[in-house]
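J.: Sequence first, then the predicted structure:
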Amino acid sequence: MFNRAVSRLSRKRPPSEINDNDSKPSSSHQSLNGTTRWATSLENLLEDPEGIKRFREFLKKEFSEENVLFWLACEEFKKIQDKKQMQKKANEIYTTFLSSKASSQVNVEGQSRLDESILEEPHSLMFQKLQDQIFNLMKYDSYSRFLKSDTFLKLKQTEEEEENTPDAQTAAKRASRVYNT
């Protein structure tokens, strides 16, 4: 189920399009209870474009944004069917995140590093072990700090205040009347 949700996310917004400049603020309906969902699991956060945007902002401040960018690139890579496109994307991921000269090198265990020769015969799960390592690094390290961060706590407070406004309560009552008639 998680992979299907991530696939839907990736189809809507490829990793290359997820950046601070083009992200549109979500409507209050879309972000309603967003922080509550994000707090339940890293998976839920990564299923939500707004969650990814906020997590990236946080990771950027922590100098570890490359982790989520690598994870997103791997998710996109898994969906590629065409061998030439797959080889091009595999080289891009390797060059950007995994090579010793990578511009946004991720911190993976030495024995898990890929031998460059594997890039000649790419397959959809070739980065899975590394992606899992980075996911666990985010899950047990930066994600828990994100949930305690001022950024997250302010968003959560703002959502709670919006939920308690008279307009929100009136809209909820109107909606309940519509569905209960």
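T.: That came through fine.

J.: Pull out the buried positions in stretch 77-97.
T.: Counting neighbours by 16 or more other Cβ atoms under 10 Å, one finds that the buried residues in stretch 77-97 are F77, K78, I80, M86, K89, A90, I93, Y94, T96, F97. Where C-beta positions appear, they are placed from N, C-alpha and C, glycine not excepted.

J.: How about the secondary structure of M126?
T.: coil (DSSP: H, G, I helix; E, B strand; the rest coil).

J.: What's the local residue count around the closest residue to it other than its chain neighbours?
T.: Excluding its sequence neighbours, the residue lying closest to M126 (Cβ to Cβ, 6 or more residues apart in numbering) is I118, at 6.1 Å. Counted with other Cβ atoms under 10 Å, residues neighbouring I118 total 13.

J.: Could you report the pLDDT at I118?
T.: At I118, the model reports a pLDDT of 85.

J.: Equivalent analysis for P166, please.
T.: Model confidence at P166 (pLDDT) stands at 70.

J.: Give me the below-cutoff pLDDT ranges for the chain.
T.: Where the chain drops to pLDDT under 70, the residues are 1-32, 110-113, 167-181.

J.: what packs against the helix or strand encompassing D132?
T.: Assigned by DSSP states H and E, D132 falls within helix 128-137. In terms of contacts (3 or more Cβ pairs under 8 Å, 6 or more residues apart in numbering; DSSP states H and E), helix 128-137 is packed against helix 65-78.
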